[in-house]
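Student: pasting a predicted model and its sequence here:
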Amino acid sequence: MATERKLEAEVLTPEGEVFKGELQMLSTRTAVGEVGILAEHIPMVARLVPAELRLHKSDSEVETYAQGEGWLEVFANRARVLIAEAIPPGDLDVSDLRSRLDDAERRLNEAEEGSAAAEQAERERARAEAFIQIAEGG
């Protein structure tokens, strides 16, 4: 019986290494949509958006995180995830996230369209919305 090939993966944030090891699959969301990375995936670089990062260690063991913005690099059967933050879903505070969402929406409404302030508020709104969805299990 052939041994299943694994993908070497590394998840890094500014605070340090979150995960390093072998996976069956890594799945997340890029700026253009969902992506699943298996062993021997073709090389790619993608911009990551706030979403749920899923590290499939086996058929029955999946580690999940709320991921901030960042980058995914796949090359030579290795996946490197460089993200602003990786938070276990159980550590998310929904009331704090709702407050941040309200603040981001207020700043977005007050900002001049197309300005740096509007772009920052939009990114923060997208993060809060994604993290609330993850925290609520959906």
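Tutor: Ah, there it is.
Student: domain ranges for this structure?
Tutor: If you go by automatic domain parsing, the domain ranges for the chain are 7-87, 93-135.
Student: which stretches of the protein have low pLDDT?
Tutor: The chain contains residues with pLDDT under 70 at 1-3, 138.
Student: where exactly do the helices run in it?
Tutor: 94-110, 116-135 (DSSP state H).
Student: tell me which of those helices sits most buried.
Tutor: Highest mean neighbour count of those: helix 116-135, a mean of 17 (counted as mean count of other C-beta atoms under 10 Å). Glycine gets a C-beta too; all of them are placed from N, C-alpha and C.
Student: what's the angle from that helix to helix 94-110?
Tutor: Angle, helix 116-135 to helix 94-110, by axes from the mean of the first three to the mean of the last three C-alpha atoms, to 10 degrees: 150 degrees.
Student: contacts only, for the nearest residue to Ile132 once chain neighbours are set aside.
Tutor: Nearest non-adjacent residue to Ile132, counting by C-beta to C-beta, 6 or more residues apart in numbering: Leu97, 4.9 Å away. By C-beta atoms under 8 Å, 6 or more residues apart in numbering, the residues touching Leu97 are 128, 131-132, 135.
Student: tabulate those (JSON lines), appending distance to Ile42.
Tutor: Listed next are those as JSON lines, based on distance: C-beta to C-beta, whole Å:
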{"residue": "Ala128", "distance to Ile42": "33"}
{"residue": "Phe131", "distance to Ile42": "30"}
{"residue": "Ile132", "distance to Ile42": "34"}
{"residue": "Ala135", "distance to Ile42": "33"}
